[in-house]
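*Asks:* give me coordinates for this.
(3 chains)
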Amino acid sequence: MPEGHTVHRTAGIFQKKFAGSTLRVSSPQGRFTDASLIDGSKLLSAHAWGKQLFLKFEPAILRIHLGIYGKWRIESHEGELPEPKGQVRARFTSDKDFADLRGPTACELVDTEGYLGVVSKLGPDPLRPDPKGDEGERFVSRVLKSPTPIGQLLMNQSVLAGVGNVYRAELLFRAGINPHTPGKQLTREQVAGIWFDAVALMPLGVRTGLMLTRDGFLKGRPKLEDRYLVYKREGLPCRVCGSSVVIEIMATRKLYYCVKCQK
DNA sequence: AGGTTATGCCAAT
DNA sequence: TTGGCCTAACCTC
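*Replies:* The predicted model follows:
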């Protein structure tokens, strides 16, 4: 379930369970042919930026992107490692824990230059520390200059890193903004509002592993049918006004919104 | 058993 | 704009 919250959550787990340890790295499936280059080396740190996960090993940095299918299985073990389930691209093993990676779009070693090349193309990430406090402004000024619909801008990782199709729909509903509105037609307050809403909401997703966006359902594990405001609710009544939630295709992705509440 | 779908994104056209 | 990647879960038959 890969939007940015999932990736940050995984980075935290790697940091806690594996950072500072020497890891065995293998590719049961065989497709990660560079596994041998980091096998037996120390994991220095793990961090996320948007939907990208970076594992810094001593010899090189491993860049992992889950794409739409990718999944992690991370568990502890008692010396006896379980058989890989399905097609495991990469397995990371410490004394106590193992992590199996299946179906990623990217699992590749990069050097510092390659790493900088990737992150230089990423927009601000609401889940990243913002010591100077100017990351929101980077997002806001970019949106306010753009003729592109805000629904597309929120999906563009160079504008805003980590938000995907679920958070896009939910953030726009919460803001009461129609996804077709060009960025430059929004007010500064509206765009800043989206940023700060994401900054407030996404850490909940990291903590729980769920994209919680409904006030009143911001803790626990709400059932799937209670979870979202508009995402995957086409044809169902809007939770606020009761009119039918619509679905459209915007730039190849399904877009859900309420025509009445989002002007 | 086969078809559809997915929280993503890139390259080719 | 379209096709392809790549895996598993969830349908229908």
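*Asks:* residue ranges of the helices in the stretch 1-150 of chain A, please?
*Replies:* A:4-17, A:35-38, A:112-119, A:135-145, A:150-153 (DSSP state H, counting those that start in this stretch).
*Asks:* residue of the stretch 101-250 of chain A with the smallest distance to DNA strand C?
*Replies:* Going by Cβ to the nearest atom of the strand, DNA strand C is nearest to A:Gly103 of the stretch 101-250 of chain A, at 3.1 Å. C-beta: built from backbone N, CA, C; applies to glycine.
*Asks:* quick one: mean pLDDT over stretch A:4-14.
*Replies:* If you average the pLDDT over stretch A:4-14, you get 97.
*Asks:* now do it: everything it contacts.
*Replies:* Taking contacts as Cβ atoms under 8 Å, 6 or more residues apart in numbering, the residues outside stretch A:4-14 that touch it are A:43, A:46-48, A:50-55, A:66, A:72, A:74, A:99, A:125-127, A:161-164, A:167, A:202-203, A:205-207, A:209, A:211.
*Asks:* ok, and of those, which contact DNA strand B?
*Replies:* Filtering the contacts of stretch A:4-14 for proximity to DNA strand B by Cβ under 7 Å from any atom of the strand leaves A:Gly50, A:Lys51, A:Leu66, A:Gly164, A:Met211.
*Asks:* just for chain A, where's the confidence low?
*Replies:* Chain A contains residues with pLDDT under 70 at A:1.
*Asks:* report the residue ranges of every domain in it.
*Replies:* A:4-119, A:135-257 (automatic domain parsing).
*Asks:* for whatever residue of chain A ends up closest to DNA strand B, give me its contacts.
*Replies:* Residue of chain A nearest DNA strand B, by Cβ to the nearest atom of the strand: A:Gly164 (2.1 Å). Contacts for A:Gly164 (Cβ under 8 Å, 6+ apart) come out as A:Pro2, A:Glu3, A:Gly4, A:Lys51, A:Met155.
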